[in-house]
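In: pasting the sequence and the predicted coordinates here, then a few questions.
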Amino acid sequence: MQRSNNDIWVGLFVLIGAAALLFLALQSANLLSLNFQKTYAVTARFDNIGGLKPQTAVKSAGVVVGRVESITFDDKNFQATVTLALQTRYSFPKDSSLKILTSGLLGEQYIGIEAGADEKTLQAGDVITATQSAVVLENLISQFLYSKAAEGSAPSGNSNKK
Amino acid sequence: MSWYKPSDVGFAVRSKLADVGLGARLFLRLAFRGAQSLRRFGLVRDQIHFLGNYSLAIIAVSGLFVGCVLSLQGYYTLQRYGSSEALGLLVALSLVRELGPVVAALLFAGRAGTSLTAEIGLMKAGEQLSAMEMMAVDPVQRILAPRFWAGVITMPLLAAVFSAVGVVGGYVVGVLMLGVDPGAFWGQMQVGVDVWRDVGNGVVKSIVFGVTVTFVALLQGYESQPTPEGVSRATTRTVVMASLAVLGLDFLLTAMMFSI
């Protein structure tokens, strides 16, 4: 194929476009640190997952140690089964517990791991049962209202507190 | 003014239907048989040079200013809720998901689509296309297909340049002028932007827009009345139809990609 002057400029244009894509992938989406890390899968059962979504961060002491891989519903015991992909370089005691937490007042929900004291560590395929469900605002309000109503109907309890 | 007769309605419907069918046929020819033109890459290369390199300046400058404005406006709103650190995330997500592909496609329709329509319309008016057919050269293969593929290749690159320059523009205004913490600016962006969901879908969008804009421009040129007036009308229609198609498709694509 004959070469023309345009080759250089078209090559330059394609390079600029590719560089822009690379910039977006690396600088704004942080491709390198997201993938290419080996993980092991652990499942956990929750009574209520609230607004948890796949790809949500799993944090321990505030550091991201893995991600939520999938969320399914188990119709045997009516619980949510959440599969977590934890990074291989972190290991946790077998009796670690999970909590669904919220970052900030209005922030995203994430899973927090609290390390237990067991000598053995979590292996791939293990099931974590010590879990704490997401806080559902409606339940919180209804609990608050019930306790308020209970206070109102039992004035004797009130006077005891004073 | 006389009333429209039923036969007029029938005629209008039939001619519109014929237009749609002709457009679909041309699209299939360009997309499948036209892919052979990628083997004669010299033709495609010259068109990429014409469509891409000459659009680079307007795309880059527009991207820079869109990023700057996004940063200014976003800062004003975010600051009210005390979350101005999320500025980087806001700028990057808006650019990569929406503004990059859409605004780049609108600019591309105005900058490159019109010239495609005018060029092909004038070729048709000058009977160059008929002359090619007389010489047993298929004008769709020789003239339209290289332009089509060049547009499809060029558009994602231009959209990426737009988004990248826009992020830099947002950085300049947000961090250097408004004093947002640079670590938070990039950090929030990197946590919130996903390579495949956001950047990848933006690229898919821009490819779809590239197909749309280039095809509309070529179709309008190919179907224009071979008169000066006809070519000027076709050029106007290119901008109007391509812009509307881009905006409408953008809504559909966004609903499909990001609603889950």
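Out: Cool, the structure landed.

In: please, which helix or strand holds the closest residue to residue B:169 other than its chain neighbours?
Out: Nearest non-adjacent residue to residue B:169, counting by CB to CB, 6 or more residues apart in numbering or on different chains: residue B:67, 2.9 Å away. For the C-beta atoms, the positions are set from N, CA and C on the backbone; glycine is no exception. Element membership of residue B:67, judged by DSSP states H and E, is helix B:54-80.

In: identify each buried residue in stretch B:241-258, please.
Out: Neighbour counts over stretch B:241-258 (16 or more other CB atoms under 10 Å in any protein chain shown) mark B:241-243, B:245-246, B:249-250, B:253, B:257 as buried.

In: the helix holding residue B:67: how far from the chain's middle?
Out: Relative to the chain's own centre, helix B:54-80 is displaced by 19 Å; criterion: CA atoms, centre = their mean, to the nearest Å.

In: tell me the buried residues in it?
Out: B:55-56, B:58-60, B:62-64, B:66-68, B:70-71, B:74-75, B:78.

In: identify the farthest-apart pair in the residues you listed.
Out: B:55 and B:78 (32.2 Å; CB to CB).

In: ok and the residue in chain A nearest chain B?
Out: Using CB to the nearest CB, residue A:17 is the residue of chain A that sits closest to chain B, at 2.7 Å.

In: where does chain B have low pLDDT?
Out: Counting by pLDDT under 70, chain B shows low-confidence ranges at B:1-2, B:259-260.

In: get me the contact residues on it for chain A.
Out: For chain B, the residues in contact with chain A (CB under 8 Å from any CB of the partner chain) are B:41-42, B:45-46, B:48-49, B:52-53, B:56, B:88, B:92, B:96, B:154, B:156-158, B:160-161, B:163-165, B:167, B:186, B:189-191, B:193-195, B:198-199, B:203.

In: switch to 6 Å and redo it
Out: Contact residues (CB under 6 Å from any CB of the partner chain) of chain B with chain A: B:45-46, B:48-49, B:52-53, B:92, B:157, B:160-161, B:163-164, B:167, B:189-190, B:193, B:195, B:199.

In: contacting residues for the residue in the stretch 101-250 of chain B that chain A sits nearest to?
Out: The stretch 101-250 of chain B approaches chain A most closely through residue B:157 (2.7 Å), counting by CB to the nearest CB. By CB atoms under 6 Å, 6 or more residues apart in numbering or on different chains, residue B:157 lies in contact with residue A:17.

In: what angle do the longest helix along chain A and helix B:54-80 make?
Out: With secondary structure taken from DSSP state H, chain A has its longest helix at helix A:5-23. Interaxial angle, helix A:5-23 versus helix B:54-80 (axes from the mean of the first three to the mean of the last three CA atoms, to 10 degrees): 20 degrees.

In: now helix A:5-23: buried residues?
Out: In terms of neighbour count (16+ other CB under 10 Å), helix A:5-23 has its buried residues at A:6, A:9-10, A:13-14, A:16-17, A:20-21, A:23.

In: SS state for residue A:69?
Out: Assigned with DSSP: H, G, I helix; E, B strand; the rest coil, residue A:69 falls in the strand class.

In: list the buried residues in the helix or strand hosting residue B:47.
Out: Applying DSSP H and E as the criterion places residue B:47 in helix B:41-48. For helix B:41-48, burial by neighbour count (16+ other CB under 10 Å) applies to B:43-48.

In: my read: residue A:109 touches residue A:102, true?
Out: Yes. Counting by CB atoms under 6 Å, residue A:109 touches residue A:102, with 5.3 Å between them.

In: more neighbours, the two?
Out: Relative neighbour count places residue A:109 above the other of residue A:109 and residue A:102, with 18 against 14, counting by other CB atoms under 10 Å in any protein chain shown.

In: let me know the pLDDT of that one.
Out: With respect to pLDDT, residue A:109 has a value of 79.

In: report the contact partners of it.
Out: Here residue A:109 is in contact with A:50-52, A:100, A:102 (CB under 6 Å, 6+ apart).
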